[in-house]
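J.: Predicted model, plus sequence, below.
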Amino acid sequence: MNRSEEDEFRSFVGVRMERWRRAAYLLCHDWHTADDLVGTAVAKLYRHWRRVATADNPDAYAQRVLTTAWIDERRRPWRREHPADVLPDAGWTPPDRAGDRDRLAQLLAPLGRRQRAVVVLRFYFDRSVEETAELLGISTGTVKSQSARALEMLRALSYESGSPR
């Protein structure tokens with residue numbers, strides 16, 4: 001996006017942000033979720049700004065993006081955090097050791113680019129199969145098969161090096 005397009009985008013969003021936030025609140029009845037929805041919508045609008053800017057009705061386009069973000073959020077209730085009355089025990093957290101990161105990088109190195117990308121997105125960034133497929137521009141079946149093959153290779157490499165599975 002060039003400078004003038006970016007300025008146009010900022011102006012478009014700035015004028016409408018509070019209205020979108022109120023509209024999102026009316027959809028979900030929670031200000032925090034409303035802020036998340038607006039953030040998601042703004043990110044999508046930015047990604048597709050040229051299409052939005054040339055739309056017959058950019059306001060309607062933006063409202064549809066916001067509403068779709070809310071519908072998607074409701075379809076995936078497991079992605080939302082839910083407050084608890086009692087906090088669970090913190091448990092033990094292993095120290096962040098540079099050697100562990102180096103070992104992980106060594107384990108991932110023999111994987112192909114696509115397999116490495118699938119493993120990192122699925123298991124490090126905790127993305128769903130569908131999100132990973134969309135991000136990489138591949139089918140969900142490819143994500144599943146690449147995950148399976150990569151994990152099989154990682155298990156074999158881990159076993160060969162004497163590390164526990």
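T.: Everything's here; your move. Note that the structure is a prediction, hence the values are computed from the model and not measured. Numbers count the residues shown, from 1 in each chain.

J.: What lies in contact with stretch 38-48?
T.: Applying Cβ atoms under 8 Å, 6 or more residues apart in numbering, the contact partners of stretch 38-48 are 1, 9, 12-13, 17, 20-21, 24, 52, 61-62, 65-66, 69, 73. Every residue, glycine included, has its C-beta placed from N, CA and C.

J.: If you count neighbours, what's buried in the lowest-mean-pLDDT helix or strand in the chain?
T.: In the chain, no helix or strand scores lower on mean pLDDT, DSSP states H and E than helix 98-108, which sits at a mean of 74. Residues of helix 98-108 classed as buried by neighbour count (16 or more other Cβ atoms under 10 Å): 107-108.

J.: Same check on stretch 146-163?
T.: 146-147, 149-151, 153-154, 157.

J.: Out of those, which one has the lowest pLDDT?
T.: Scanning the buried residues of stretch 146-163 for pLDDT, the low point is Leu157. It has 79.

J.: check contacts around it.
T.: Going by Cβ under 8 Å, 6+ apart, the list of residues near Leu157 reads 107, 110.

J.: before we move on, what SS does Asp85 have?
T.: Secondary structure for Asp85, judged by DSSP: H, G, I helix; E, B strand; the rest coil, is coil.

J.: how far away is it from His32?
T.: Remark: distance between Asp85 and His32 (Cβ to Cβ, to the nearest Å) = 18 Å.

J.: wait, Val119 sits on Leu107?
T.: No: the criterion here is Cβ atoms under 8 Å, and Val119 misses it with Leu107 at 9.6 Å.

J.: anything in contact with each of these two?
T.: Common neighbours of Val119 and Leu107 (Cβ under 8 Å, 6+ apart) are Leu154.

J.: what residue is smack in the middle of this structure?
T.: Note on the chain: the residue nearest the mean C-alpha position is Arg127, at 6.4 Å, using Cα atoms, centre = their mean.
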